[in-house]
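Quick check, what structure comes out for this input:
(one chain, ligands or ions: 2)
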Amino acid sequence: MMKQKVLLSVNNLKKYYDIPQGLFKEKIIVKAVDDISFTITKGETFALVGESGCGKSTTGRTILKLTEPTGGRIIFDGNDIAALPYKKMRTLRNRMQMVFQDPYASLNPKKTVREILTEPLRVHKKFDHDTRLKKVKSMLEIVGLSEYHLDRYPHEFSGGQRQRIGIARAVILQPDFIIADEPVSALDVSVQSQVINLMLELQKEFELTYLFISHDLSVIQHMTDRVAVMYLGKIVEIAKTEDLFTNPKHPYTKALLSAVPITHPKEKKERIILKGDVPSPANPPSGCTFHPRCPAALDICKTQAPKTSEHGNSHSVSCHLYNKIEEEIPHAISHS
Ligand code: ADP
Ligand code: MG
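Numbers count the residues shown, from 1 in each chain. Ligands and ions are numbered 1, 2, ... in the order given. Below you'll find the model as predicted:
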């Protein structure tokens, strides 16, 4: 098999926030992203999944340098983003774009579609006036709108149409890489698949690489190649999408999967209800941070953070249940 080109490599990325608290403004540290690593190959759709508050958006924003990392490295197409001088970052910026969850909040309500879509071309000094207009018109067609919409304002569109505009704005600079942060979460289920199909068509047409962020595993099942599952700032499992759905390893992944609606009538599964909410990253539980909610937790989980183990086919998991040899836990595996 041909070795695929790595487009993005995230190494030991950390993003901590200092939050002043209380009467004396003592600082507490929120570890929104806490030492995560992954790579995305060119043309791939890589998903980041986890409940709200797990650090998915912070990861996306840090990769785009919308916020500075506390630690770690982000390498995009061979360039270390942190070390990049302003001018080079600017050129790189138009190769990396973002699509947001709420197209209504991310599109300026006072601007027409014409202005919204021309702006990125103008800011990056691409093309003359006439060529820009041509590009904008053709982009509108590509995302399933038309020239006729040019002078309309965002509020005149449906949610799905607005997201088409948001996507057009991201794609018009012909980027290589798009971070889509919950791009369909605000849309009706019937519209979700249309927007996802559009994203898949654009991916083929423009050879795009996606980081697709979602709290909903069912959305990513049919459109992503690999998945990283995040919990409280850490990646707990990474696998090819099919592997993750057929052979999940981490108890957290199993619980998330158990909430996905069944697609085959013959399939049977038990719904695993997780106890409580995601704890605050300002005061995370000891050991494995998932242990208070984990149906398979062992004693060791309360005190020690698990190591990451590999399970073939680029499937890795961070869980004590799979750190067999060193620790004696055969009794635990049997009831997992
Ligand atoms: P997700 O996208 O998975 O829902 P986020 O990345 O938005 O998660 O947030 C992760 C954690 O970081 C949350 O606990 C959130 O409250 C915290 N957080 C995010 N942004 C900030 C910020 N600017 N200042 C302080 N805390 C933040
Ligand atoms: Mg988010």
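
quick one: the strands in the stretch 201-336 of the chain?
Taking DSSP state E, counting those that start in this stretch, the strands of the stretch 201-336 of the chain run over residues 209-214, 226-231, 234-240, 308-310, 316-318.

Redo the ones you listed as CSV? Include mean neighbour count, distance to F177 and mean pLDDT.
Backbone N, C-alpha and C define where each C-beta goes, glycine included. Shown next, in CSV, are the strands of the stretch 201-336 of the chain (neighbours: other CB atoms under 10 Å; distance: least, CB to CB, whole Å; pLDDT from 0 to 100):
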stretch, mean neighbour count, distance to F177, mean pLDDT
strand 209-214, 25, 5, 97
strand 226-231, 25, 15, 98
strand 234-240, 24, 19, 98
strand 308-310, 15, 25, 94
strand 316-318, 22, 23, 97
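
Make JSON lines out of these and add distance to ligand 1.
Below are those laid out as JSON lines (distance: least, CB to the nearest ligand atom, whole Å):
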{"stretch": "strand 209-214", "distance to ligand 1": "7"}
{"stretch": "strand 226-231", "distance to ligand 1": "7"}
{"stretch": "strand 234-240", "distance to ligand 1": "12"}
{"stretch": "strand 308-310", "distance to ligand 1": "20"}
{"stretch": "strand 316-318", "distance to ligand 1": "17"}
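
how many neighbours does the residue nearest to Q192 when sequence neighbours are not counted have?
Taking CB to CB, 6 or more residues apart in numbering, and ignoring the residues beside it in sequence, Q192 has V184 as its nearest neighbour in space, at 4.2 Å. V184 has 24 neighbours, counted by other CB atoms under 10 Å.

Identify the residues contacting V184.
Taking CB atoms under 8 Å, 6 or more residues apart in numbering, we find V184 in contact with 163, 191-192, 195-196, 214, 219.

And those residues, which two are furthest apart?
V191 and S214 (15.3 Å; CB to CB).

The top helix by length along the chain to strand 209-214, inter-axis angle?
Scanning the chain for the helix with the most residues, using DSSP state H, yields helix 189-206. Counting by axes from the mean of the first three to the mean of the last three CA atoms, to 10 degrees, helix 189-206 lies at 160 degrees to strand 209-214.

Can you point out the buried residues in helix 189-206?
191-192, 194-196, 198-199, 202-203 (16 or more other CB atoms under 10 Å).

when you check ligand 1, which of those residues turn up near it?
By CB under 6 Å from any ligand atom, no member of the buried residues of helix 189-206 lies near ligand 1.

would a markdown table of those residues with distance to A47 and pLDDT be doable?
Formatted as a markdown table, the buried residues of helix 189-206 follow (distance: CB to CB, whole Å; pLDDT from 0 to 100):
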| residue | distance to A47 | pLDDT |
| --- | --- | --- |
| V191 | 20 | 93 |
| Q192 | 15 | 93 |
| Q194 | 19 | 94 |
| V195 | 16 | 94 |
| I196 | 12 | 95 |
| L198 | 17 | 96 |
| M199 | 12 | 96 |
| L202 | 17 | 97 |
| Q203 | 14 | 96 |
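
So which of these is the closest to T39?
Q203 (18.2 Å).

which non-adjacent residue is nearest the closest one?
Nearest one to Q203, counting by CB to CB, 6+ apart, is Y210 at 6.5 Å.

Pull the contacting residues for the one you found.
44-46, 177-180, 199, 203, 224.
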